[in-house]
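K.L.:
quick one: sequence and predicted model below, then my questions.
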Amino acid sequence: MSKDTLISLLCAEPWRLDSINECQISFQKDFTGELICIHQPQAWILAQTEWRLRSSDTDINVPSEDPSDSDSGTSDKPHLLRHFNIEITLTKRAITSRGSLDHITINDERLTDAGFGPKTYSARLEKGSFHTAFERKMPRVPEWAPRFAYRLVLDQSPYPARSLWKDPEEAPDPEWFPFTQWREFCSRKIAK
């Protein structure tokens, strides 16, 4: 997979932690993006990001075993498309894609200064048929939960740890699914 193809896949649509788009990360071709953590009517993080691919000796380009694979994502076995390093910078700037956020307590009003800045991740891009991490954490995956054709797996969560919150008790990570496990994101919903 070429670098251009990787960028196209990353930027095609948001990457979801849950299937209802409350927690997600997105990448744009201008190397900006968004990190979102909401649960209606509450919001915690609606931050702009900056990102870039990092070259290193560990960057592995994995060729597709079957070039006739389609985006249907019908395979039950994940197929590794690419292992790569990415730097994501969480900024204090509020996103603009969801309208005015003037009266919402988000970003630097909730997180300490240490919660912002660049972080480098080791990432895997996989193709297959995936439920989101949130739905998989439920006692049983709901029947309504969609499957997705791509999964982005980071070696650490892009969401700031509880210790980086001004009031750690307000951090929205449940005991059964702490921020440290918010590392897998899905994209490209598969039609039923």
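P.N.:
Everything's here; your move. Numbering: from 1, shown residues only.
K.L.:
lowest-pLDDT helix or strand in the chain?
P.N.:
strand 60-61 (a mean of 52; mean pLDDT, DSSP states H and E).
K.L.:
after it, which helix or strand is next?
P.N.:
The helix or strand immediately downstream of strand 60-61 is strand 79-94, counting by DSSP states H and E.
K.L.:
and that next one, which strands flank it?
P.N.:
strand 42-54 (antiparallel), strand 60-61 (antiparallel), strand 117-130 (antiparallel) (DSSP bridges).
K.L.:
how distant is that strand from the center of its chain?
P.N.:
Taking C-alpha atoms, centre = their mean, to the nearest Å, one finds strand 79-94 lying 8 Å from the centre of the chain it belongs to.
K.L.:
dump the strands paired with strand 79-94 into JSON lines; add distance to I104 and mean neighbour count as well.
P.N.:
In this view, the C-beta of every residue, glycine as well, is placed from N, C-alpha and C. Shown next, in JSON lines, are the strands paired with strand 79-94 (distance: least, C-beta to C-beta, whole Å; neighbours: other C-beta atoms under 10 Å):
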{"stretch": "strand 42-54", "distance to I104": "5", "mean neighbour count": "19"}
{"stretch": "strand 60-61", "distance to I104": "41", "mean neighbour count": "12"}
{"stretch": "strand 117-130", "distance to I104": "22", "mean neighbour count": "18"}
